[in-house]
Every structure is written in C-alpha cells, then in structure tokens.
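> mind folding the following:
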Amino acid sequence: AADWAARNQIHDAWPAWNANKGRFPYHILIDPAKRSRCPQMWSTCWKTSRTAQGLYSAYRVTGNPAHLAAANLAMEYVATLQVFEPGHEDFNGAFREDSPQGPHIASRDGMEAVQGFIAGYQATKNPRFLRRAIEGTDFLLRMIRIGHWPFGIAWPLEGRYKAQDCFFFYAGALIFAQMYALTGERKYLTRGAIPFADKIIADHIRADGAFGTSAPTEDSHHVNRKGGLAGVFVNDDGIGVALLAVYAV
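Numbers count the residues shown, from 1 in each chain. Below you'll find the model as predicted:
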C-alpha cells in the first residue's frame with residue numbers, strides 16, 4: 001500500500017510545475033467508460049494527511065526512503081493549506097479543506113493535518129513539523145476560548161461559522177494527548193485532552209458499552225440506522241484511539 005501511494009503521488013518537474021504535487025488519487029475508477037465521464041479526484045486535506053501518516057508508519061517499519069520522501073512531500077502540500085492570513089489571526093493554524101484556494105476550513109479535517117505533522121516530526125525530528133502541529137492545535141484551543149467551538153465548517157475570510165456538534169470532533173483528544181506528550185504543555189492536557197475525553201464518555205458510550213447514540217437523528221455513514229444495532233457508530237472516526245491516547249497520558 002505504501003509503495004502504491006508513493007508510485008501514484010503527484011510530482012512535478014521543469015517546466016511543468018504543479019501546485020497539486022504531494023496529493024494522491026482520492027479514488028481510482030477502473031472501468032474506462034466511467035473514467036472517461038468523471039474527472040480524476042485528488043486527495044483533500046484529511047486524505048493527504050492520513051496517507052502521510054501511513055507512509056511515515058511504513059517508513060519506520062521498512063526504512064524505505066521512498067516512503068519517507070512521499071510522506072514529506074504530502075505534508076508539504078498540507079502546509080500550503082494552513083491558514084496564516086493577516087487580519088484574521090484568530091484562524092492562524094487552521095487548515096483549508098479542499099485546496100489552497102478553498103474558502104472554508106473543516107474542524108475534523110484539520111485534526112488529521114495536525115496528526116500528519118506530529119507523525120512527520122516523530123519520524124524526522126524536523127522542528128518545522130512540530131511548529132506546524134503546535135499552530136494547528138493552538139487554533140482549536142483558541143476557538144474553545146473565544147466561544148466558537150464546536151463548529152463543523154468555518155469561512156475564515158468571512159468570519160462565518162456553521163455551528164455543529166458531532167461526536168467525531170472529540171477525536172481531537174488524540175492530538176491534544178500527543179501534543180502534551182511531545183511538549184509537556186499542560187494546557188493540551190487540561191483544556192483539551194481531558195475535557196474532550198470526558199465528553200466522549202458522558203455522551204457517546206451506550207449502556208451496552210458500544211460507541212454510539214441512543215437516538216440517531218440523521219442519516220450518516222457513521223451510524224447504524226436499523227435493527228438491534230441502531231445508533232451504534234459503524235465509523236467511530238478516531239474516538240476509540242483518542243480515549244486510549246488520553247489514558248496513556
């Protein structure tokens with residue numbers, strides 16, 4: 001899988017520069033007829049970051065320099081998504097979801113970008129990666145402090161937020177726990193990891209022990225809708241591993 005990602009990653013070379021370099025195919029349409037009708041989709045913020053995390057893990061197991069190079073190039077693309085807009089400093093450290101020119105950020109996607117930089121720092125000890133991760137994590141703490149959390153999507157240049165509270169936002173406990181372990185900054189533990197983990201335990205662990213909700217209210221690929229497992233999360237989106245990480249610190 002790591003070889004496939006490295007082989008199919010976008011690259012550029014003189015004179016054909018490509019601002020997509022570092023991205024991966026989002027999906028592959030094998031059927032030529034379908035492929036001819038659909039544009040090739042490239043990985044967005046969270047998909048690029050998640051693939052980089054896998055490549056860093058592969059590198060640490062295999063030592064294959066191609067895996068490391070692909071992961072680093074992926075995170076260079078993700079770095080172009082990070083917001084540092086003069087006059088909108090509250091959003092410093094957030095990540096645009098779809099492309100560097102995209103108008104919006106997404107809470108959960110940005111967490112994956114932070115994890116990508118954390119994984120990059122652990123694999124390379126490049127302090128630039130750690131600084132990027134700190135900026136992304138501090139953005140979340142800042143949103144909590146000024147009362148904009150939780151939100152699903154926000155538009156930095158418009159100062160507009162879509163208020164939303166979803167269980168998977170609290171997978172952010174994972175990055176808070178990791179950042180506390182890396183930096184020793186207690187704010188990541190006391191203002192992030194612990195409150196987020198407490199929220200998961202209070203609201204999203206059912207009486208039968210499953211992650212889920214007793215009353216599913218929306219049609220979602222995260223939640224089983226029918227039968228005896230109705231309300232159980234079929235995609236916990238990281239809250240399980242987040243609880244383990246918080247326990248570890």
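> the residue located most distally from the centre of the chain in helix, strand or coil?
The C-alpha centroid of the chain is most remote from residue 33, which lies 33.0 Å away (Cα atoms, centre = their mean). When classified by DSSP: H, G, I helix; E, B strand; the rest coil, residue 33 comes out as helix.
> contact partners for it?
Residues near residue 33 by Cβ atoms under 8 Å, 6 or more residues apart in numbering: none. Using the backbone N, CA and C atoms, a C-beta is placed for each residue, glycine as well.
> measure it to residue 8 for me?
Applying Cβ to Cβ, to the nearest Å, the value for residue 33 to residue 8 is 21 Å.
> so which strand or helix has the residue most central in space within the chain?
Closest residue to the average C-alpha location of the chain: residue 112 at 1.5 Å, with Cα atoms, centre = their mean. Here residue 112 sits within helix 107-124, counting by DSSP states H and E.
> and that helix, what does it pack onto?
Judged by 3 or more Cβ pairs under 8 Å, 6 or more residues apart in numbering; DSSP states H and E, the packing partners of helix 107-124 are helix 45-62, helix 65-81, helix 127-145, strand 151-155, helix 173-183.
> deepest of the ones you listed, which one?
Most buried of those, by mean neighbour count (mean count of other Cβ atoms under 10 Å): helix 173-183, with a mean of 23.
> show me what contacts residue 240?
Residue 240 makes contact with residue 211 under the criterion Cβ under 8 Å, 6+ apart.
> next, the buried residues of the helix holding residue 112.
For helix 107-124, the neighbour count (16 or more other Cβ atoms under 10 Å) marks 107-121, 123-124 as buried.
> kindly report the same for stretch 181-197.
Buried residues in stretch 181-197, counted by 16+ other Cβ under 10 Å: 182, 185, 188-189, 191-194, 196-197.
> so how far is it from its chain's centroid?
Remark: stretch 181-197 is offset 18 Å from the chain centroid, using Cα atoms, centre = their mean, to the nearest Å.
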